[in-house]
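Chemist: Quick one: sequence and predicted model below, then my questions.
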Amino acid sequence: MLHVPATADLWWKNAIIYCLDVQTFADSDGDGIGDFGGLTQHVDDLAGLGVTCIWLMPFYPTADHDDGYDVTDHYAIDPRLGTFGDFTEFMAVARDRGLRVIADLVVNHTSDQHAWFRESRKSRESRHRDWYVWQDAIPDDGPEGVVFPGEQSGVWTFDTETGQYYLHRFYHHQPDLNIANHQVRDEIAKVIGFWLAQGLSGFRVDAVPFLLELDGIDAIDREIGMDPHDYLRDLRAFIQRRNGDAILLGEVNLPFEEQRRFFGDEDGDELTMLFDFIGMQSIYLAMARGDARPIVRALRQRPEIPDDAAYASFLRNHDELTLDKLTDGERDEVFAAFGPEPDMQLYGRGLRRRLPTMLGGDQQWLRMAYSLMFAMPGAPTLFYGEEIGMGENLAIEDRLAVRTPMQWTSGPAAGFTTAPATAAFRPFPDGDFGPEEVNVASQRTDPDSLLNWFERLIRLRKSAPEIGWGEYRVVDVGNDAVLVLQYCWGDRTAMTVHNLATRAAKVSIPLGVETATLRDRLGSASPIAAKDATASIKIAAHGYHWFAVEPAP
Ligand code: NOJ
């Protein structure tokens, strides 16, 4: 049965997503700041790596108090990153190389420097007044809890100009837009339509649960009976009308029970994809314990999702590695294993490190971890620099520690800019993870490098659509350290085996069919013939295998 044609339609189910920030990727004009011209020069590197979709972090004009997530104009390019022409050239090159591009859609809030908010705060009669959420007094039934403990004192700030409080779920300089106002909803649609017209294939939607939250907004200002999920449905319908295969990939870090709603339950008419925050956290706990059971638990608790929807799997993103869905005790285990120093931790819930430093540079472990992430049912998502094993620079404040410039070469300023390294947008890490040791140029020519290994892993994952499309099941092999996942799709069956422990193991895998051969798809092991419906395999410490399960000849 030929299933491959189906994969051309719902491209996101088998996508390899690559997140980058233009300002830290490559600088073309020597001012020390990455730009679209520099990114365009490196599109071939990304195409060569094999990723299929670039996710651009915010590139809009910004007040830059939250690294671009504080937008001052939703219809323009940050002039530091180039011109609109430079953006368009980048899009043309990406398209030519067969890469899709999605971008951050940040519409829960704007910068307080945005023209809409400056207008809104001018007077209570301003025509933009109701575009934000204003109150005379902090309401008792308003939202609670700050997102950035230690950096935020509350979610309401008093504005002396008009003597009212405005709501901000994030920093005080990021006032929340009022989505109960239909003009705001129309404007957000316009923003979406605008960027789709520039060729984007969709959006990574920032802070979705906060965007939909109506707490703190007076009932009187709300459209009668407004259900915020209707709004998400409207957005999805709108985006689909403008571009049939554009996606909404949502940042929704909520418990599993609440996630299904964001996919649109059985109708599947809200978000196309959600990041798998819980699966991600379970992998860290499993690695800290050398025990696969936390991942098994997470996979078993995962809700059934609509046929066309998908999760996006990841191990790191641009924020702190949040461990908020673990219990306090579990989180302490991960902290102890991967970030014991207080300076490595953030907000009491996360780590501001990249994976290679957490694993002490252990290549075998690192590759097992990424192989496992790629084997999770979903679309693998990488954060720039993961493909070469970049580390963080803890000397940089807060979450920015993992957002250092891309390390292209061992030469001056890591080939990121022609400006002196001291003028680079952010300081590079030094030591074992500095550009001399970790860079694209030297890994490109080394067949055993992480970069070339990633290229092989990506090629393999792209040719294993059964992982994104098929039914998966956890196969019990009687060893808690070893995770065996089986995926069936039509006549294709794949099986991945990962050993979370530092001890080699031997496992017998029940196959459910009398005779079969396991063909190694990533390594070069000889085919394993199953006997009595069981395949016996040896797996190294932190070993990993990808098998095609084929009928015995
Ligand atoms: C989530 C983003 O990932 C984070 O970096 C940002 O600070 C907040 N949303 C606010 O936009």
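Modeler: Ah, there it is.

Chemist: how about the residue of the chain found nearest the ligand, phi and psi?
Modeler: Proximity to the ligand, evaluated over the chain using C-beta to the nearest ligand atom, is greatest for Tyr69 at 3.4 Å. (Glycine included, C-beta is placed from N, CA and C.) Tyr69 has phi and psi values of phi -80, psi 10 when expressed as degrees, to the nearest 10.

Chemist: Which residues of the stretch 201-350 of the chain lie near the ligand?
Modeler: Neighbours of the ligand within the stretch 201-350 of the chain, by C-beta under 6 Å from any ligand atom: Asp206, Ala207, Glu251, His318, Asp319.

Chemist: what do you get for the stretch 51-200 of the chain?
Modeler: Remark: the part of the stretch 51-200 of the chain in contact with the ligand comprises Asp66, Tyr69, Val106, Phe170, using C-beta under 6 Å from any ligand atom.

Chemist: Could the C-alpha coordinates of stretch 500-509 be exported in PDB?
Modeler: Output for stretch 500-509, consisting of C-alpha atoms alone and laid out as PDB, is shown next (Å, rounded to 0.1, in the frame of the first residue of the first chain):
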ATOM      1  CA  LEU A 500      17.900   5.300  29.400                       C
ATOM      2  CA  ALA A 501      20.400   3.700  31.700                       C
ATOM      3  CA  THR A 502      24.200   3.700  32.000                       C
ATOM      4  CA  ARG A 503      24.300  -0.100  31.900                       C
ATOM      5  CA  ALA A 504      24.000  -2.200  28.700                       C
ATOM      6  CA  ALA A 505      21.000  -4.400  28.500                       C
ATOM      7  CA  LYS A 506      19.600  -7.400  26.700                       C
ATOM      8  CA  VAL A 507      15.900  -7.400  26.000                       C
ATOM      9  CA  SER A 508      13.400  -9.700  24.300                       C
ATOM     10  CA  ILE A 509      10.900  -7.800  22.300                       C
END
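
Chemist: buried ones in that stretch?
Modeler: By neighbour count with 16 or more other C-beta atoms under 10 Å, stretch 500-509 contains the buried residues Leu500, Ala501, Ala505, Val507, Ile509.

Chemist: coming back round to it: how about the residues of the stretch 51-200 of the chain next to the ligand, which pair is most distant?
Modeler: Across these, no pair lies farther apart than Val106 and Phe170, at 10.0 Å, counting by C-beta to C-beta.

Chemist: which of these two has more neighbours?
Modeler: Of the pair Val106 and Phe170, Val106 is the one with more neighbours under other C-beta atoms under 10 Å, namely 27 against 22.

Chemist: nearest spatial neighbour of that one, skipping sequence neighbours?
Modeler: Spatially, and ignoring its direct neighbours in sequence, Val106 is nearest to Asp206 (4.5 Å; C-beta to C-beta, 6 or more residues apart in numbering).

Chemist: so what's the one you found up against?
Modeler: Tyr69, Asp104, Leu105, Val106, Val107, Asn108, Glu251 (C-beta atoms under 8 Å, 6 or more residues apart in numbering).

Chemist: Next: Leu511.
Modeler: Applying C-beta under 8 Å, 6+ apart, one finds that Leu511 lies in contact with Ala530, Ala533, Thr534, Ala535, Val549.

Chemist: where exactly do the strands run in the stretch 51-200 of the chain?
Modeler: Taking DSSP state E, counting those that start in this stretch to define them, one finds strands in the stretch 51-200 of the chain at 53-56, 100-105, 134-135, 156-159, 164-167.

Chemist: burial of Asn499, as a residue count?
Modeler: Asn499: 25 surrounding residues under other C-beta under 10 Å.

Chemist: in the sheet, who's paired with it?
Modeler: Here Asn499 shows beta-bridge partners Val482, assigned using DSSP bridges.

Chemist: Isn't it up against Lys538?
Modeler: No - with contact defined as C-beta atoms under 8 Å, Asn499 and Lys538 do not form a contacting pair (9.9 Å).

Chemist: got any residues that touch both of those two?
Modeler: Listed contacts common to Asn499 and Lys538 are Ala505; contacts here mean C-beta under 8 Å, 6+ apart.

Chemist: Tyr311 contacts Pro377, correct?
Modeler: Yes - the pair Tyr311 / Pro377 is scored as a contact, 6.9 Å apart, by C-beta under 8 Å.

Chemist: so which of the buried residues of stretch 500-509 are also by the ligand?
Modeler: Of these, not one also sits near the ligand (C-beta under 6 Å from any ligand atom).

Chemist: can you give me the strands for the stretch 351-500 of the chain?
Modeler: With DSSP E, counting those that start in this stretch applied, the stretch 351-500 of the chain shows strands at 379-383, 471-475, 482-489, 492-499, listed in chain order.

Chemist: So for Gly98, which of those strands sits nearest?
Modeler: The minimum distance between Gly98 and those falls on strand 379-383, with 16.3 Å, by C-beta to C-beta.

Chemist: Other residues contacting the closest one?
Modeler: Contact with strand 379-383 is made by 12-20, 51, 55, 273, 275, 310-314, 316-318, 373-374, 402, 458, 461, 468, as judged by C-beta under 8 Å, 6+ apart.

Chemist: Just those: which are in strands?
Modeler: Judged by DSSP state E, the subset of these located in strands is Ile17, Tyr18, Cys19, Leu20, Trp55, Met273, Phe275, Ala310, Tyr311, Ala312, Ser313, Phe314.

Chemist: Quick check: closest non-adjacent residue to the last one.
Modeler: Okay, so that is Phe314. Setting aside the residues directly before and after it, Phe314 is nearest to Thr381 in space (C-beta to C-beta, 6+ apart), at 4.2 Å.

Chemist: One more: the first one?
Modeler: Counting by C-beta to C-beta, 6+ apart, Thr381 is the residue found nearest to Ile17 once chain neighbours are left out, at 4.2 Å.

Chemist: State the distance from that neighbour to Leu39.
Modeler: To Leu39, Thr381 is 18 Å away according to C-beta to C-beta, to the nearest Å.

Chemist: Kindly report the same for Pro412.
Modeler: When distances are taken as C-beta to C-beta, Pro412 and Leu39 turn out to be 20 Å apart.

Chemist: out of those two, which sits in the more crowded spot?
Modeler: More neighbours surround Leu39 than the other of Pro412 and Leu39, with 30 against 14 (other C-beta under 10 Å).

Chemist: Would you mind writing the CA trace of stretch 286-299 as PDB?
Modeler: Coordinates of each C-alpha in stretch 286-299 appear next as PDB, following Å, rounded to 0.1, in the frame of the first residue of the first chain:
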ATOM      1  CA  ALA A 286      13.700   9.600  32.700                       C
ATOM      2  CA  MET A 287      17.200  10.600  31.900                       C
ATOM      3  CA  ALA A 288      17.900  11.700  35.500                       C
ATOM      4  CA  ARG A 289      16.600   8.400  36.800                       C
ATOM      5  CA  GLY A 290      17.900   6.100  34.100                       C
ATOM      6  CA  ASP A 291      14.400   4.800  33.900                       C
ATOM      7  CA  ALA A 292      12.000   5.100  31.000                       C
ATOM      8  CA  ARG A 293       8.800   4.900  33.100                       C
ATOM      9  CA  PRO A 294       8.200   8.600  33.200                       C
ATOM     10  CA  ILE A 295       8.000   8.700  29.400                       C
ATOM     11  CA  VAL A 296       5.700   5.700  29.400                       C
ATOM     12  CA  ARG A 297       3.400   7.400  31.800                       C
ATOM     13  CA  ALA A 298       3.400  10.600  29.800                       C
ATOM     14  CA  LEU A 299       2.600   8.700  26.600                       C
END
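
Chemist: and it, how far out from the chain's middle?
Modeler: 20 Å (C-alpha atoms, centre = their mean, to the nearest Å).

Chemist: what mean pLDDT would you report for it?
Modeler: Within the predicted structure, the mean pLDDT of stretch 286-299 is 98.

Chemist: Contact partners for Asp45?
Modeler: Val440.

Chemist: if we can go back for a sec, can you list residues touching both of Val106 and Phe170?
Modeler: Taking C-beta under 8 Å, 6+ apart as the contact definition, Val106 and Phe170 share the neighbouring residues Tyr69, Ala207.
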